[in-house]
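[1] My questions are about this predicted structure, shown below with the sequence.
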Amino acid sequence: MKIRIIKQQNMRRFINITPESPEGDFCKAPEVIGFLSGIGGGMAKYPVWCFFIICHLSLVTSFAQEKDNLNRELVLVRPYEPSVTDAQKISTLPSLKDSFSIKPAFEYSIRSRRIDTRFDVSPIAPAKLQPLPQPKLYHGYIKAGAGAGSIPNVLGEAAFNTLRSKDYAAGGFFKYNGATGKVKLDNGEKVFAGNTDAVGKVYGQKFLHSAILYGDAGASGTTAYNYGYNTRAVDAAGIPIDTSFAKGDIRKRYFFADANIGIRSSHFKTEQLNYDLQLGYKYAHNKLDDMYVPNYVPDPDGSGYVKYNENAVNFKAQLDNNMFGGNVNFDLFNRSNAFDSLRHNFAVDINPWFTLDNDSIRLQVGMRLAMYKEGDGNMQYKIYPKMEFQFTLLKDIFIPFVGIDGYLRPNTWRSLVTENPFITPGLAVPLTKTKLQVYAGLKGTLTTKLSYYLRADFSTSEKECFFVNDTSYSRVQNYFTVVTDDLNTFSLKGELYFNPVESLDLDIKATYFSYQPSTERYAWHKPEYTIEFNAKYNLRNKIITNFGIMSIGKRYAKTFYDPENEYSILKGVIDFNLGVEYRYTKSLSFFLKLNNLSGTKYYRWNFYPSQRFNAMVGFTYSL
């Protein structure tokens, strides 16, 4: 019998047993020996299987001896499992013990040497900044016009100034506006209602290193005619009073002069101390023939004229470093003997304040210390609070504000004449004291083209002035005097500016008033509301159009001729105005002005009707 070992690629062993192989050869065959050795090596691991195989081989061998012609093939399949005998490792690491050690030392240095490289610079042409185009300045201009209507008038105007300079600026101005004509009164009588205004002024500035020295001086003259009288005036016997006045009988001439000199800082940084100091002088004069002044004692010079003179000296100082500051205002008035009272007045207003200002909040806290003396009276002292707080809800869109204030207002003779030129000569009025003024409002810019301003005010004042017809100076009541009374005033004011396109500007202002006098029945000659609307359109800088609407609410005038009626109502009025300018060249332009387009008859003062429609044409030429 012969056993043959067959090895295949899949590492399985096949044992082929044949009877031709002798028994001894089988056992001595190297394949068998290797196989058995493999089995013997695996007995330790698989003892049961090895024992079974050996027994089976013995039986096969015995059976083969009995049947010599029998061929059998036994295939043993077993995966090949290589094994590696564990190695004995030396765990002790070698070490060297030496009593002598060498520490190497290094010495080195860096020898720096510049390596010259070649760099060729290509020249670049410098950038040229073009200066902003500056508009051409002219040395001055002249303006002239003539008007026709219910009262024809003429206009003349001239101005001159220096050109651009880093050292100084100077100029002058002159204007004349005169009207002549008649208006119709309530009884149908036409009376002369002309007026003239002439003003001249020169000014100059000197630019220093960190300040500006400035000054101005001017004079003006006004002629007014007291043409408005009570057409129902009668004498003690009930006979109508003769009102056929000559021009000289109702004419009044005023002369005013003023001069100011000052110096103010020109720092660029707001945290630096900024200042503005100004000293001013004002003079007012009115001369009347004494035959028109009742109960007048002539001056010792025997000139035959009554002279009303008022001299006023004013000093103003303002200091500000963007956090702390203060204002000082000093007024001294001296009037001639023709004034019946209050010939010498004195008033000082001192206002220190502290300001906290950042991007969203602005708070100013201060006070006013007022000192004043009127006529032969004693020195008086008043303290008024002054505070304003505003904050930003949305940047530049909604800015609420609230404030409180109080102040003195001197009523100079010149200020009264400017407001109402028909006042009684020599009228002296005490100071008005606004004890408290509280206001709140909202302002902002909704878009780049639309901005607004809203404000509500409440104030309480002492000795507020009201104009009423003077019955003691003139029997026909064509002069006005002043009555004073305590007054509470509430007002609402709104402004809106709209610029839809670059060439169009729209502006509207409206104010509503509510008055509560203490003694008088009404606030005489004070309007219930005022409205102003202006529109300006610029067509390619060639044709400029201005359109305006002015409205005044009804007013109340105190009457003395009707015992059953204490007052009369001056109706509200709406006045439309239109102006057109045509710029023929940059130097020459022509203009047309149309005033009171509707020809409405209204009264600015009691018994004084205004002129109706008036048109003026003229030209302006730049030198």
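    All right, it came through fine.
[2] what about residue 267, is that helix, strand or coil?
    Classification of residue 267 using DSSP: H, G, I helix; E, B strand; the rest coil returns coil.
[3] Residues in a beta bridge with residue 192, which ones?
    With DSSP bridges as the criterion, the beta-bridge partners of residue 192 are residue 182.
[4] for it, what are its contacts?
    If you count contacts by C-beta atoms under 8 Å, 6 or more residues apart in numbering, residue 192 has them with 180-182, 225, 227, 247. Where C-beta positions appear, they are placed from N, C-alpha and C, glycine not excepted.
[5] Return the entry from the residues you listed with the maximum number of neighbours.
    Sorting the contacts of residue 192 by how many neighbours each has (other C-beta atoms under 10 Å) puts residue 227 first, at 23 neighbours.
[6] Could you let me know which of the contacts of residue 192 ends up closest to residue 364?
    When these are compared for distance to residue 364 (C-beta to C-beta), residue 225 comes out closest, at 47.0 Å.
[7] Which residue is the nearest non-sequential neighbour of the closest one?
    residue 250 (5.0 Å; C-beta to C-beta, 6 or more residues apart in numbering).
[8] phi, psi of the one you found?
    With angles defined as degrees, to the nearest 10, residue 250 shows backbone torsions of phi -120, psi 10.
[9] residues in contact with it?
    Shown in contact with residue 250 (C-beta under 8 Å, 6+ apart): 225-227, 478.
[10] what do you get for residue 616?
    Counting by C-beta under 8 Å, 6+ apart, the residues that residue 616 touches are 145-148, 153, 155, 592-593, 595.
[11] In the protein, where is pLDDT below threshold?
    For the chain, applying pLDDT under 70 flags the ranges 1-80, 84, 86-94, 96, 98, 100, 289-305, 340.
[12] Where do the helices of it begin and end?
    Secondary structure of the chain (DSSP state H): helices at 23-28, 30-43, 47-66, 247-250, 413-419.
[13] Please report how far residue 137 lies from residue 160.
    To residue 160, residue 137 is 12 Å away according to C-beta to C-beta, to the nearest Å.
[14] More neighbours: those two, which one.
    Neighbours were tallied for residue 137 and for residue 160 using other C-beta under 10 Å; the higher tally belongs to residue 160 (16 against 11).
[15] Check the contact between residue 426 and residue 339; I expect there is one.
    Yes - taking C-beta atoms under 8 Å as the contact criterion, residue 426 and residue 339 are neighbours in contact, 4.9 Å apart.
[16] neighbour count winner among those two?
    Comparing residue 426 with residue 339 by neighbour count (other C-beta under 10 Å), the higher total belongs to residue 426, at 22 against 17.
[17] Please report phi then psi for the more buried one.
    Dihedral angles phi and psi of residue 426 (degrees, to the nearest 10) take the values phi 70, psi 20.
[18] cool, and residue 411?
    In terms of degrees, to the nearest 10, the main-chain angles of residue 411 are phi -100, psi 90.
[19] let's have the chain start at 516 instead
    Okay, residue one is now 516; in that scheme the one you just asked about reads as residue 926.
[20] residues contacting the closest residue to it other than its chain neighbours?
    Nearest residue to residue 926, sequence neighbours excluded (C-beta to C-beta, 6+ apart): residue 944, at 4.1 Å. With contact set as C-beta under 8 Å, 6+ apart, residue 944 has these partners: 857, 926, 931, 980, 997, 999.
[21] If we use 6 Å, what do you get?
    Applying C-beta atoms under 6 Å, 6 or more residues apart in numbering, one finds that residue 944 lies in contact with 926, 980, 997.
[22] Residue 958 too?
    For residue 958, the contact set (C-beta under 6 Å, 6+ apart) comprises 914, 968.
[23] one more time with 10 Å
    Counting by C-beta atoms under 10 Å, 6 or more residues apart in numbering, residue 958 makes contact with 905, 911-916, 966-970, 1010.
[24] ok, back up a step: gap between the residue nearest to residue 740 and residue 660?
    27 Å.
[25] Across the sheet, point out what pairs with residue 846.
    Beta-bridge partners of residue 846, as defined by DSSP bridges: residue 829, residue 862.
[26] so what's the nearest residue to residue 705 once chain neighbours are set aside up against?
    Nearest residue to residue 705, sequence neighbours excluded (C-beta to C-beta, 6+ apart): residue 697, at 4.2 Å. If you count contacts by C-beta under 10 Å, 6+ apart, residue 697 has them with 665-666, 704-709, 742, 1126.
[27] List buried members of these by neighbour count.
    The neighbour count (16 or more other C-beta atoms under 10 Å) marks 665-666, 706-709, 742, 1126 as buried among the contacts of residue 697.
[28] how about a markdown table for these, with distance to residue 1080 added?
    Converted to a markdown table, these look like this (distance: C-beta to C-beta, whole Å):
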| residue | distance to residue 1080 |
| --- | --- |
| 665 | 29 |
| 666 | 31 |
| 706 | 24 |
| 707 | 29 |
| 708 | 26 |
| 709 | 32 |
| 742 | 24 |
| 1126 | 28 |
